[in-house]
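Colleague: Build me a model:
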Amino acid sequence: MSAGLFIAGTDTGVGKSLAACALLHALAARWPRVVGMKPVAAGAEFHQGQWANEDALALRAASSIAVAPQLDNPVLLPEPLSPHIAAARAGQVIDIAAIAASYRQLATLADAVVVEGAGGWHVPLSGTHTGADLAQALGLPVLLVVGLRLGCLNHAALTAEAIAARGLPLAGWVANHLSPDMAAASENIAWLRQRLAVPLWAELPYQEAPNAHALAAHFTLHTPF
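Modeller: Below you'll find the model as predicted:
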């Protein structure tokens, strides 16, 4: 069975996909078979004769093995909306047990699996379940991506507490610079280092044209890798 990690974010648009892809490139230097997984993706585009999600495509490009779409992106929803709304509009039900089964099968094919969540920690998947329920079902250590912007300290602290409440280990965090000129960025990072009290896996600099392969060099790998 492979090593696995769940990538969570302090919000949507904080750079989970970029961090996940950069991590996959970093892992590829250690493991021959690494693969990304986007369990639930909302928003599809026509790509090479089939519908696919932009984040799932990026994860596939950063992976060192190719797998069936039903394994690395078992739930693909057409509209770029909150998953519970997109699923309802598409007449689909997001089945957490089925996603967990896809992950287990994927894990037999790879040395390391990087699973990127959707949106923030409690993004709704249905009227009763959220992304936190999916993370708990997978039972993986969590890497928290913090998008550095005003309000990120509160979002990071709340998300870390919510992860702990689910009994999941917070393996570490990533500081992602969302702009080139955030005020007091170093002071924010210093507070997060103290408050989160887990390893900082990477501080990703701002890039106008994000390059996940180049950002891999900023990662320092920790447990479970």
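
Colleague: thought G131 was touching L125?
Modeller: Yes - counting by CB atoms under 8 Å, L125 is a contact partner of G131 at 6.4 Å. Any C-beta I mention is one placed from the backbone N, CA and C, and that applies to glycine too.

Colleague: what is in contact with the two at once?
Modeller: The contact sets of G131 and L125 overlap at V40 (CB atoms under 8 Å, 6 or more residues apart in numbering).

Colleague: If you count surrounding residues, which of these two has more?
Modeller: L125 (26 against 23; other CB atoms under 10 Å).

Colleague: ranges for the strands of this structure?
Modeller: Counting by DSSP state E, the chain has strands at residues 3-9, 34-37, 40-42, 45-47, 50-52, 75-77, 112-116, 142-148, 170-177, 200-204.

Colleague: Over the fifth one, what's the mean pLDDT, rounded is fine.
Modeller: When you say that, I think you mean strand 50-52. For strand 50-52, mean pLDDT is 93.

Colleague: Return the set of buried residues in that strand.
Modeller: Neighbour counts over strand 50-52 (16 or more other CB atoms under 10 Å) mark A52 as buried.

Colleague: Pairing partners for it, with directions?
Modeller: Within its sheet, and counting by DSSP bridges, strand 50-52 is paired with strand 45-47 (antiparallel).

Colleague: Residues touching the partner strand, excluding its own?
Modeller: Contact with strand 45-47 is made by W51, A52, N53, E54, L57, as judged by CB under 8 Å, 6+ apart.

Colleague: which stretch in the strands of the chain has the least confidence?
Modeller: Lowest mean pLDDT within the strands of the chain: strand 45-47, at a mean of 88.

Colleague: This completes my enquiry, with thanks.
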